[in-house]
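Any chance you could fold what I've pasted below:
(one chain, ligands or ions: 2)
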Amino acid sequence: MQPLRGTKDILPYEIKLWQQIYNVANEILTANNYYEIRTPILENTELFNKGIGNFTDIVNKEMYSFNDQGERNITLRPEGTASIARAFISNKLYLKQKINRLWYLGPMFRYERPQRGRQRQFHQLGIECIGSSLPIADVEVIRLAIKTLDALGFKEYILEINSIGNMAERDIYKNDLIKYLKLYQNDLDRDSQKKLLTNPLRILDSKNLNTQTILQQAPKLKNYLNEKSLDHFKYVCNSLKYLNIAYKINDYLVRGLDYYNCTAFEIKMKKLSNQNTICGGGRYDTLIEQLGGPYTPSVGWAIGIERLITIKNKNFHLNKPQNIIYIAHQEILDKYKIWDILDILENYEIKFELDLSNNNLYKQIKRANQMKAKICLILGEEEIKLKYITIKWLETGTQQKIHLSKFYNYLKYIKQQLET
Ligand code: ATP
Ligand code: MG
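Ligands and ions are numbered 1, 2, ... in the order given. Predicted structure coming up:
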């Protein structure tokens with residue numbers, strides 16, 4: 001039995017890293033007054049058709065959609081923002097406060113060709129700052145993406161940023177772009193030829209070299225932006241400079257979802273060439289209104305966790321000595337003592353593992369060594385009879401006998417030793 005293509009088990013030894021990412025994000029985002037939200041994985045397909053846009057890659061060819069037993073058309077969410085916009089509307093979050101700062105971490109589903117850093121079930125950590133049209137909100141969210149990556153120990157990345165203006169500006173630009181590209185229609189790659197009719201802006205970030213050459217002489221989106229859009233973008237860039245966040249303006253950056261306007265950005269790893277984008281985000285002022293809510297300008301981003309982990313895993317070691325106490329014991333009359341000892345260990349928040357093997361003491365101690373425990377507590381017949389515990393320090397082999405009545409206090413010393 002194999003997992004479905006493009007899906008993966010996250011195994012116990014990997015969980016620490018996932019927990020670390022969750023904890024770091026939680027700490028930074030909570031300090032900035034962001035609140036975690038968890039929305040359902042299943043949504044009406046219509047949400048994504050309307051929200052992400054019918055002609056985007058995601059809606060067009062990547063969605064996991066099906067009819068349920070009640071003939072409802074359902075989709076496994078391919079991203080987080082549309083669901084959060086939906087939750088914002090259906091729970092009327094706008095009645096409680098003007099600005100809603102939300103974050104999430106969870107699985108997303110896209111039917112894509114699986115490869116390194118690209119799965120069909122993957123996870124995103126994302127934030128949404130909902131309710132402000134000010135450029136300072138864009139700066140806040142970009143700063144938090146950088147903070148989060150820095151706190152997780154990432155360094156070799158670059159922030160790319162662009163302004164894609166508002167709908168009206170883009171419409172005029174789109175017409176001119178189409179006019180220009182039609183002159184070279186036959187030289188464009190097949191995918192771009194199709195996009196010429198459906199989603200011409202997406203041609204800008206084509207990876208095809210021929211298409212890229214044609215684009216060099218194409219009209220530039222930034223020349224179509226009015227003063228308001230330009231000022232917004234200037235404010236964001238100047239603030240990034242002030243914050244010492246290095247960035248590169250990328251005229252061709254447009255993002256894959258329809259709902260973005262003004263600021264669009266991506267964070268890329270410098271060293272990787274494929275699947276090097278670890279974070280994508282931008283401003284989406286009209287999405288919530290488009291889905292039936294009040295006009296609510298917003299901005300956010302999403303980080304792909306698997307892509308982070310493929311980079312980070314190299315520095316992640318297993319099998320180092322564990323701060324764990326192994327409890328070896330013999331078939332004994334007074335087994336209750338064991339439960340008392342477990343209680344004491346729990347009180348001290350010391351990690352332990354109780355032997356369940358039915359092996360003799362010698363083999364149990366061997367097992368403690370194999371799993372690189374620091375200490376083995378030994379409770380043999382003799383120990384129970386005379387009410388003491390043998391404590392074996394596995395790194396040195398030193399053995400001590402401690403009377404049960406003194407064990408509780410002695411653990412204070414053990415705990416200190418484990419922590420140094
Ligand atoms: P790409 O161009 O790589 O397909 P995208 O523009 O479709 O990315 P977004 O929708 O912006 O990606 O999602 C934000 C982040 O989520 C990406 O930067 C990436 O890190 C991650 N991501 C997107 N799709 C996948 C996937 N299929 N597998 C793993 N991570 C993904
Ligand atoms: Mg994609």
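
make it CA atoms for all contacts and neighbour counts henceforth
Noted.

where does the stretch 201-350 of the chain have low pLDDT?
312-322, 331-335 (pLDDT under 70).

how about the strands in it?
Applying DSSP state E, counting those that start in this stretch to the stretch 201-350 of the chain gives strands spanning 247-249, 261-269, 277-283, 298-304, 324-329.

closest to Asn67 out of those strands?
Of all the strands of the stretch 201-350 of the chain, strand 298-304 sits nearest to Asn67, with 28.1 Å by C-alpha to C-alpha.

Show me what that closest one is packed against.
strand 121-130, helix 135-151, strand 277-283 (3 or more C-alpha pairs under 8 Å, 6 or more residues apart in numbering; DSSP states H and E).

Sheet partners, orientation included, of it?
strand 121-130 (antiparallel), strand 277-283 (antiparallel) (DSSP bridges).

I'd like those strands written out as JSON lines, with distance to ligand 1 and mean neighbour count added.
Conversion of the strands paired with strand 298-304 to JSON lines gives the following (distance: least, C-alpha to the nearest ligand atom, whole Å; neighbours: other C-alpha atoms under 10 Å):
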{"stretch": "strand 121-130", "distance to ligand 1": "5", "mean neighbour count": "23"}
{"stretch": "strand 277-283", "distance to ligand 1": "4", "mean neighbour count": "24"}
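
Next, format the ones you listed as TSV and append distance to Pro294.
As requested, those are exported to TSV (distance: least, C-alpha to C-alpha, whole Å):
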stretch	distance to Pro294
strand 121-130	12
strand 277-283	16
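
Go through these and name the closest to Ser357.
Nearest of those (C-alpha to C-alpha): strand 121-130, 37.4 Å.

tell me the mean pLDDT for that closest one?
Averaging pLDDT along strand 121-130 yields 98.

Return the distance of that strand from the chain's centre.
7 Å (C-alpha atoms, centre = their mean, to the nearest Å).

From the rest of the structure, what touches that strand?
Residues outside strand 121-130 that contact it (C-alpha atoms under 8 Å, 6 or more residues apart in numbering) are 6-8, 34, 79-81, 99-110, 137, 141, 296-306.

give me the subset of these touching ligand 1.
Taking C-alpha under 6 Å from any ligand atom as the test, ligand 1 is in contact with 110, 302-304, 306 out of the contacts of strand 121-130.

helix or strand right after the helix or strand containing Asn26?
Element membership of Asn26, judged by DSSP states H and E, is helix 12-31. Sequence order places strand 35-36 as the next helix or strand after helix 12-31, per DSSP H and E.

quick one on the thing from earlier: show the buried residues in the contacts of strand 121-130.
6, 34, 79-81, 100-110, 137, 141, 296-306 (16 or more other C-alpha atoms under 10 Å).

residues touching Tyr295, list them.
285-286, 288-289.

Kindly recompute the last result at 10 Å.
131, 285-289 (C-alpha atoms under 10 Å, 6 or more residues apart in numbering).

How about Ser65?
Ser65 neighbours (C-alpha under 10 Å, 6+ apart): 42-45, 59, 73-77.

Okay, and which of those residues map to helices?
Members of the contacts of Ser65 lying in helices (criterion: DSSP state H): Thr45.

what's the most distant pair in the contacts of Ser65?
Top of the distance list for the contacts of Ser65 (C-alpha to C-alpha): Leu42 and Val59, 15.0 Å.

Endpoints of stretch 242-252, how far apart?
Start-to-end span of stretch 242-252 (C-alpha to C-alpha, to the nearest Å) is 25 Å.

repeat for stretch 209-224
Per C-alpha to C-alpha, stretch 209-224 runs 25 Å from first to last residue.

thinking Asn261 is in contact with Gly165, fair?
Yes: the pair Asn261 / Gly165 is scored as a contact, 5.5 Å apart, by C-alpha atoms under 10 Å.

overlap in contacts of these two?
Common neighbours of Asn261 and Gly165 (C-alpha under 10 Å, 6+ apart) are 229, 283.

so the strand or helix carrying Lys363 versus strand 324-329, what angle?
Element membership for Lys363 (DSSP H and E) is helix 361-370. Helix 361-370 runs at 170 degrees relative to strand 324-329, counting by axes from the mean of the first three to the mean of the last three C-alpha atoms, to 10 degrees.

which residues touch helix 361-370?
319, 321, 324-331, 353-359, 372-380, 392-395.

One more pass at 7 Å, please.
Contacts to helix 361-370, defined as C-alpha atoms under 7 Å, 6 or more residues apart in numbering, come from residues 326, 328-330, 355, 376, 394.

Same question for stretch 237-255.
139, 158-162, 164, 201-202, 204-205, 264.

Roughly how far does Ser298 sit from ligand 1?
16 Å (C-alpha to the nearest ligand atom, to the nearest Å).

is that residue in a bridge, and if so with what?
Ile130.

For the residue nearest in space to the middle of the chain, which non-adjacent residue is closest in space?
Nearest residue to the geometric centre of the chain (C-alpha atoms, centre = their mean): Leu125, 3.0 Å. Leaving aside its chain neighbours, Leu125 sits nearest to Leu105 (4.3 Å; criterion: C-alpha to C-alpha, 6 or more residues apart in numbering).

Quickly check: stretch 143-161 near ligand 1 or not.
No: Stretch 143-161 lies out of reach of ligand 1 by C-alpha under 6 Å from any ligand atom, never closer than 11.8 Å.

what about that stretch, how long is it end to end?
13 Å.

Please point out which parts of it sit buried.
Those would be 144-149, 152, 157-161, for stretch 143-161 by 16+ other C-alpha under 10 Å.
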